[in-house]
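Participant: build me a structure from this.
(4 chains)
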Number of protein chains: 4
Amino acid sequence: MTHLKKGLWGVLATPFSGPSFDVDTESLRREVALYTGIPSTGMVVLGVFGEGSTLDTAEQRLIVSTVAEAAGDTPLVVGLSARSTHVAIEQARTAVEAAGSNLDALMVQVNTPQPDALTAHFTAIHEATGADIVLQDYPVASGVKISTAQILAVVERCPFIAAVKSEAPPTAAAIAALTRATDVPVFGGLGGVGLIDELAAGASGAMTGFSHPEALQTAIEANDDGGFRAARDAFAPWLPLANFEGQPGIGLALRKEILKRRGIIADASVRPPSPTLPAELADMIDAHLDAVKELA
Amino acid sequence: MTHLKKGLWGVLATPFSGPSFDVDTESLRREVALYTGIPSTGMVVLGVFGEGSTLDTAEQRLIVSTVAEAAGDTPLVVGLSARSTHVAIEQARTAVEAAGSNLDALMVQVNTPQPDALTAHFTAIHEATGADIVLQDYPVASGVKISTAQILAVVERCPFIAAVKSEAPPTAAAIAALTRATDVPVFGGLGGVGLIDELAAGASGAMTGFSHPEALQTAIEANDDGGFRAARDAFAPWLPLANFEGQPGIGLALRKEILKRRGIIADASVRPPSPTLPAELADMIDAHLDAVKELA
Amino acid sequence: MTHLKKGLWGVLATPFSGPSFDVDTESLRREVALYTGIPSTGMVVLGVFGEGSTLDTAEQRLIVSTVAEAAGDTPLVVGLSARSTHVAIEQARTAVEAAGSNLDALMVQVNTPQPDALTAHFTAIHEATGADIVLQDYPVASGVKISTAQILAVVERCPFIAAVKSEAPPTAAAIAALTRATDVPVFGGLGGVGLIDELAAGASGAMTGFSHPEALQTAIEANDDGGFRAARDAFAPWLPLANFEGQPGIGLALRKEILKRRGIIADASVRPPSPTLPAELADMIDAHLDAVKELA
Amino acid sequence: MTHLKKGLWGVLATPFSGPSFDVDTESLRREVALYTGIPSTGMVVLGVFGEGSTLDTAEQRLIVSTVAEAAGDTPLVVGLSARSTHVAIEQARTAVEAAGSNLDALMVQVNTPQPDALTAHFTAIHEATGADIVLQDYPVASGVKISTAQILAVVERCPFIAAVKSEAPPTAAAIAALTRATDVPVFGGLGGVGLIDELAAGASGAMTGFSHPEALQTAIEANDDGGFRAARDAFAPWLPLANFEGQPGIGLALRKEILKRRGIIADASVRPPSPTLPAELADMIDAHLDAVKELA
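Facilitator: Numbers count the residues shown, from 1 in each chain, chains lettered A, B, ... in the order given. Modelled structure (predicted):
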């Protein structure tokens, strides 16, 4: 039983450049340095925020190996975008090979609410690779609704589940119910908009992307030290930006643009057909950045 | 041309009591007093947060007349839950009669993205009652997606449109595009989770429910006086609570429970099949209330 | 225990006329005569195909009383479009009073999959009016998914349930599972596109609209007399028209246009925002009508 | 300009066997023989009905090369399950290499309604491989709604589009509008449930799966020779089976079971999480097969 460590697991954006949206490994390494500098507990590569479903096999390999090389001994979780077993195993093999000794687990989305079928899916991936599994419940990406009881049934039957990523709002209620019933660590996501409540509900940390991940770390540490009130005081000043970035559809473009203005990635482009940044919001980004500069 | 005044338009919850979920007019009057005490610019009755679609004709009449009596000279907007013209006109007549001279406008949901058909729908309601119309774009409730260009086409052809309520995220982008193209006031909603950005995008205020509407008012006034930074500083401490209340599904039950703990309504029940409050969140509510007591 | 009788329960279209889409009672009476002439076992008024959700209270009353007067002793089921208890009871009272002694039951849509809450909803309507209830499972209209086990739990606890209308495809599987577990009659709908299989699965008949309801009756009688093969042979020649009419969105406009060309209703208009008839299909309607003339 | 030839393009099921759902190439060859024996105009490999999205790269290669070897000079269309450009190109390269000289086109799903972005997506795949493209409009699989005007804008700008597969009901209206505006051939799909109307609307044939594809061929030939009435008479006796197979969710399991009972594939299993065959329908399958034996 190898549960993920508590704390911040940062979901890396995949930086692209040029008209063909090629992977920009130099920007990617700067992003890794942002996280190892915090330092975060771990990093997540090829997640939904990493545009994992847009990456071909060679790109998946390039990204994971680039991150692994730059990560030092920071552990990695690698996301699988596939929804069916055989394709997930193909992606898993690429991930396991490229991540090497940095790999802590593979993150796999719920593809059915039926505990039997979901257990078989996770087991097949685990047996093909030996890797532990992070169960991701994110209906916006998967299109699947699963109940807390169904998640617990799967967790009980899959001892190789290293964590649950709970991203089906209302997350505070789901995380509270999960953490009362299992010792498997549960992480919140969704860009941190519910982080304060998720930590109060027993979450082991945040596993998400944010343009300013150091703020997520600060909130988690505050919660460890002072509980709800401390986490609330620490993260409230960041919520205007988290909510701004958390807007559906354009959130990814917004976050990459802010990472660009911070000097971390060179180009903020997202792969089509993801929505691009509305021109009307350009000034608002600067206003947000000015405001949080004083916080950092 | 009678546009709604800028500021806070508070969407009233409808308090119920007992096993039959009867309308509790005494609690309703206390809720009105909360808003007139701020004072808010206006109030919205029978909105989505007011559980308007669960109310029969007699209840609609009772609620609107109770609020009108208690409102003094505070203007009212009355929401129509119907999606088709004839039923909307029936509800509109009840609303107009019950609201009397307090009525500023009827709020009508977008029921089609086609500008011709939507113009005909609004026009029929306006002509049957003489009332001005607030166009509500809230796809979670209506199931309809409409573009900014389509909204503007309708606004141009309906001089009786008194305001637009923009609740299709990403709202900051939509409101920025709308306010650059029309003088009709645009209001944000969604419990205030995007209020800071909506005001920066040119919103005339907030038209929404929140357990602590005085905080919305504070943010709007701060924005008037000091712009983005002032609004941000004023509302950031309230965002933990706004995000907590804004959780999908259970948000209404949460908000009523907090109004009850504030002593404003006697019973927090919501009419089925709306989700009830998860027991796991009970303690978290107290923690949030303790934290904001120091802000108020 | 008063179960609905087996056979054809025809869902009546609501004919409109003029620019305001007024109810056309003369056409409605001709439509009733079509059904009593077959004769059908019963008729359903104010269903989804009857555009029930677009009708105000006075129109609901006018339509039901017009049909009741013209129906002789043919029993009626009256549909309620409301999804919440108080509004459903208001509609139910109008229906019960207007239908008089012709009323066999009220048809109520599933508004939640939770057996407890759904039982409470049906019970409240039953107790307020004394009427029996037809449980309608039609997720396209209700937005609610309910399992066969959940339907059976409700049926067991509500002895006043007179029938189940099963319209959640795959209907053949659902109806087979329901009819093996309960004696409450189960009816197919959906314009008859699955009628052959639904009857083979144990359905007590069809409760649906179709431009040529006599064909539904023929299929049901053939099934009674000769089983699957007879029903198949009888209805196969009608399936090209049933599939044509069953096209999503435009199906209602198509069916009304065919009823008009048959001389039954004077005007084929549907209330907005229902989709209107695509001009490209005008010729195809004639081709279909020519073909089935030889069958009738 | 190399448009697909008119007629029947059969979408091949992918037969699996054993607990790991391995590809069964022997069954696959028998399925190819079924189509070359008709003979069909062409075949479609790795479509939605071929469970394309569940197949890893090696399986894609194996299936396409097996079919190409067995197909003689029958042309092939190979479906791409990917929704983003880089992954689609990766799949396209596998397909082009494995199909060899049999390849007529790649079938690509609409991944955005925006004509500019969709044109760029198709162009990138075309330029990377030299292959022509079949535009597939199938919102059930893609989640994307595109208008006829948007499809036509893309078709005009992409001279390499070899056909449109129109599977967004109401298909008769869409196909009528498309075929009046473009010479690019348009094919119906959806298991043939709307075939009669689609041919009347100007479709160049059917591109779909059906347990008895010879019936689709008969209908297309009848339409060529005698128009609507002949097509109607030829296909009406098959519609009971087509509608039975066309049931959402379980349709794929049903069709494979019938192919198994016909002796074409050895095992009817579908890869999870696709729904399996409800036990209640087992007898109904035999009744359908008995009935159509006399037609064949």
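Participant: all helices for the stretch 51-200 of chain A, in order.
Facilitator: When secondary structure is read from DSSP state H, counting those that start in this stretch, the stretch 51-200 of chain A shows helices at A:57-70, A:85-99, A:115-129, A:139-142, A:148-157, A:171-181, A:195-200.
Participant: quick one, what contacts the residue in the stretch 1-150 of chain A that chain C sits nearest to?
Facilitator: When scored by Cβ to the nearest Cβ, the stretch 1-150 of chain A has A:Lys145 as its residue closest to chain C, at 9.6 Å. C-betas here are computed from N, CA, C, even on glycine. The neighbourhood of A:Lys145, defined by Cβ atoms under 8 Å, 6 or more residues apart in numbering or on different chains, consists of A:Pro113, A:Pro139, A:Ala168.
Participant: look up how far C:Ser211 lies from it.
Facilitator: From A:Lys145 over to C:Ser211 the distance is 38 Å, taken as Cβ to Cβ, to the nearest Å.
Participant: could you do A:Ile264 as well?
Facilitator: Taking Cβ to Cβ as the measure, A:Ile264 falls 64 Å from C:Ser211.
Participant: which one of those two has more residues nearby?
Facilitator: Using other Cβ atoms under 10 Å in any protein chain shown, the more surrounded residue of A:Ile264 and C:Ser211 is C:Ser211, with 26 against 18.
Participant: pretty sure the more buried one contacts C:Gly251?
Facilitator: No - in this structure, C:Ser211 sits apart from C:Gly251 without contact. The criterion is Cβ atoms under 8 Å, and the distance is 10.4 Å.
Participant: list the buried residues of the lengthiest helix in chain A.
Facilitator: Of all the elements of type helix in chain A, the one with the most residues (DSSP state H) is helix A:213-235. For helix A:213-235, the buried set under the neighbour-count rule, 16 or more other Cβ atoms under 10 Å in any protein chain shown, comprises A:213-220, A:222-223, A:228, A:231-235.
Participant: check stretch A:93-100 too.
Facilitator: For stretch A:93-100, the neighbour count (16+ other Cβ under 10 Å) marks A:Arg93, A:Thr94, A:Ala95, A:Val96, A:Ala98, A:Ala99 as buried.
Participant: if we can go back for a sec, for chain B, find the nearest of the helices of the stretch 51-200 of chain A.
Facilitator: Across the helices of the stretch 51-200 of chain A, the minimum distance to chain B, taken as Cβ to the nearest Cβ, is reached by helix A:171-181, at 3.6 Å.
Participant: report the angle between that closest one and helix A:148-157.
Facilitator: Using axes from the mean of the first three to the mean of the last three Cα atoms, to 10 degrees, the interaxial angle of helix A:171-181 with respect to helix A:148-157 works out to 40 degrees.
Participant: which elements pack onto helix A:171-181?
Facilitator: For helix A:171-181, the contact count by 3 or more Cβ pairs under 8 Å, 6 or more residues apart in numbering or on different chains; DSSP states H and E identifies helix A:148-157, strand A:161-166, strand A:186-188, helix A:195-200 as packing neighbours.
Participant: switch those over to TSV; also include mean neighbour count, mean pLDDT and distance to chain C.
Facilitator: Listed next are these as TSV, based on neighbours: other Cβ atoms under 10 Å in any protein chain shown; pLDDT from 0 to 100; distance: least, Cβ to the nearest Cβ, whole Å:
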stretch	mean neighbour count	mean pLDDT	distance to chain C
helix A:148-157	18	98	14
strand A:161-166	28	98	22
strand A:186-188	27	98	25
helix A:195-200	28	98	25
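Participant: so for A:Ile38, which of the ones you listed sits nearest?
Facilitator: Distances from A:Ile38 to each of the helices and strands packed on helix A:171-181 were compared by Cβ to Cβ, and the smallest falls on helix A:195-200, at 15.3 Å.
Participant: show me what secondary structure element comes after that closest one.
Facilitator: The element immediately downstream of helix A:195-200 (helix or strand, assigned by DSSP states H and E) is strand A:205-208.
Participant: pLDDT (mean, whole number) over that following strand?
Facilitator: Taken as a whole, strand A:205-208 has an average pLDDT of 98.
Participant: nearest spatial neighbour of A:Ala88, skipping sequence neighbours?
Facilitator: The spatially closest residue to A:Ala88, leaving aside those adjacent along the chain, is A:Ala82, at 4.1 Å (Cβ to Cβ, 6 or more residues apart in numbering or on different chains).
Participant: so who does that neighbour touch?
Facilitator: If a contact means Cβ under 8 Å, 6+ apart, then A:Ala82 has A:Ala88, A:Glu90, A:Gln91 as its contacts.
Participant: one more: A:Leu28?
Facilitator: A:Leu12, A:Thr14, A:Pro15, A:Ile63, A:Thr66, A:Val67, A:Ala70, A:Ile265.
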